[in-house]
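In: What follows is a predicted structure for the sequence shown.
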Amino acid sequence: MVLFPSVIGANAQYARSFSLNLYGGYNFSDKLDYDGYSATIEDGFQYGAGFEYFCSTNNSVELKYLRTDVKIPLDDPLGNQLNAGKDKGAFNFILADFTHYFDTGSNLLPYLGAGARVSILETPQSGSGTYFAWDIKGGVKIKTA
């Protein structure tokens, strides 16, 4: 599965040192093959929000939550779906990020960052599983009034 970084967001400035960020993105489908069986993680929209605290003018830490609801059909070697009607799943991410912003003197702020995350996979067949992941990001943040 290809996850697009959620670099397009809205920013509501509450004080000089805090911001609320909204995220949206799109995940493309991917197919996993194992010993003749296959699972397809279908396309899905990713959404979420983050609370960002600015430690200094150009550096911040952020706690954010992202979610993607998807279908994950599982097929046997003959192409028959084994989990018909029970193929809904979700990816949940809880992230702690550090970000450095490059001051351009305008409302556009280019940035680079990295962080750690907890990934929670939900499926009807196996319940949920929790995994560790890491995150790197880059993009442009648009400041709003």
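Out: Received it, and whenever you're ready, just let me know what you need.

In: where does this protein have low pLDDT?
Out: For the chain, the stretches flagged by pLDDT under 70 are 1-16.

In: What residues does the most centrally placed residue in it make contact with?
Out: With distances taken as Cα atoms, centre = their mean, Leu66 lies nearest the centre of the chain, 4.7 Å away. Neighbour list for Leu66: 6, 23, 46-48, 92-93, 95 [criterion: Cβ atoms under 8 Å, 6 or more residues apart in numbering]. In short, each C-beta sits where N, CA and C put it, glycine included.

In: between those, which is closest to Leu74?
Out: Asn92 (20.4 Å; Cβ to Cβ).

In: Look up how far Ile72 lies from the closest one.
Out: Distance of Asn92 to Ile72, computed by Cβ to Cβ, to the nearest Å: 14 Å.

In: And the two? Which one has more around it.
Out: Taking neighbours as other Cβ atoms under 10 Å, Asn92 and Ile72 compare with Ile72 leading, 21 against 18.

In: the strands in the protein, which residues?
Out: 2-3, 9-15, 18-28, 30-34, 37-41, 44-54, 59-71, 74-75, 88-101, 108-123, 127-142 (DSSP state E).

In: From the contact counts, what lies against the fifth one?
Out: For strand 37-41, the elements it packs on are strand 30-34, strand 74-75, judged by 3 or more Cβ pairs under 8 Å, 6 or more residues apart in numbering; DSSP states H and E.

In: at 6 Å instead, please
Out: The contact analysis (3 or more Cβ pairs under 6 Å, 6 or more residues apart in numbering; DSSP states H and E) places strand 37-41 against strand 30-34.

In: Between strand 37-41 and the strand it packs on, find me the angle.
Out: For strand 30-34 against strand 37-41, the angle by axes from the mean of the first three to the mean of the last three Cα atoms, to 10 degrees is 160 degrees.

In: Strand 30-34: partners in the sheet, and parallel or antiparallel?
Out: Here strand 30-34 is paired, per DSSP bridges, with strand 37-41 (antiparallel).

In: Pull up the distance across stretch 41-61, start to finish.
Out: End-to-end distance for stretch 41-61: 31 Å, by Cα to Cα, to the nearest Å.

In: who touches that stretch?
Out: 1, 17-19, 21-30, 62-72, 98-101 (Cβ atoms under 6 Å, 6 or more residues apart in numbering).
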